[in-house]
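In: any chance you can model this:
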Amino acid sequence: MLEHTLTTPHIYLARHATPDWSRTDLPYHLPPGPPLVPQGEAEAAELGRFLREVAVARILASPLERARRTAEIAAAVAEVPVQVDEALAEWRPEETVEHIRTRFWPAWERGVAQSLPAGPIAWVTHGGPIGFFLETLGLPKDTLAYYRRLFDRSNPVPPAGVWKATRPASGEPWDVSLAFVPEAYRRRLVV
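Out: Numbering: from 1, shown residues only. Below is the predicted model:
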């Protein structure tokens with residue numbers, strides 16, 4: 001296997017693909033959560049093609065069914081390993097911002113450390129965690145609000161969409177940008 005040592009961490013924050021929103025019998029924030037619908041499986045394959053193009057070395061996924069399955073499909077297409085990380089689960093109603101920081105930030109630091117020697121990594125998680133990281137990494141609040149208005153359920157990215165986070169040098173601000181939007185949602189980005 002080729003050594004990819006990077007000088008800049010590259011982390012792709014991907015939201016799970018479209019789940020079965022009609023499954024009200026399954027709590028959205030607890031495993032297993034609703035499964036993907038066929039459209040979601042197609043979005044996950046599209047996500048995998050994107051992750052292959054950007055040479056992602058590995059994928060970490062939330063344990064909830066919709067994120068785990070999205071990651072499995074994307075990983076098969078990108079031909080990279082996938083691993084479940086409990087810390088990437090959806091934001092639960094009883095969790096405060098401080099709880100979220102305590103759960104998410106160590107995972108972020110592990111991801112940054114893994115990205116440097118291995119190459120870019122991707123997380124397949126949920127809108128809540130992605131919004132937390134975008135805000136924490138310095139995305140302007142008005143920009144975050146714009147994307148929350150653009151996509152479903154006040155998420156800053158559509159199903160199977162991706163934000164990229166890089167940091168030019170240690171101690172420098174993070175650079176975050178919307179990196180991928182599945183074909184079905186691209187028309188929303190046209191101004």
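In: element containing S177?
Out: strand 175-180 (DSSP states H and E).
In: would you map the strands across this structure?
Out: For the chain, the strands defined by DSSP state E occupy 10-15, 58-61, 82-84, 121-125, 162-166, 175-180.
In: elements contacting the second one?
Out: The reference is to strand 58-61. helix 65-78, strand 82-84, helix 97-118, strand 121-125 (3 or more Cβ pairs under 8 Å, 6 or more residues apart in numbering; DSSP states H and E). (Each C-beta comes from the backbone N, C-alpha and C, glycine too.)
In: got the CA coordinates for that strand in CSV?
Out: Taking C-alpha atoms only, strand 58-61 is exported to CSV below (Å, rounded to 0.1, in the frame of the first residue of the first chain):
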residue,chain,number,x,y,z
ARG,A,58,-10.6,5.2,5.2
ILE,A,59,-14.1,5.9,6.4
LEU,A,60,-15.4,6.1,9.9
ALA,A,61,-19.1,5.9,10.5
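In: tell me the gap between it and the middle of its chain.
Out: Strand 58-61 sits 9 Å away from the centroid of its parent chain (Cα atoms, centre = their mean, to the nearest Å).
In: and that strand, which strands flank it?
Out: strand 82-84 (parallel), strand 121-125 (parallel) (DSSP bridges).
In: pick the most buried one from those strands.
Out: Most buried of the strands paired with strand 58-61, by mean neighbour count (mean count of other Cβ atoms under 10 Å): strand 121-125, with a mean of 29.
In: quick one: contacts of it?
Out: With Cβ atoms under 8 Å, 6 or more residues apart in numbering as the test, strand 121-125 has contacts from 10-16, 47, 51, 56-62, 67-68, 70-71, 74, 85, 88-90, 107, 111, 114-115, 129, 162.
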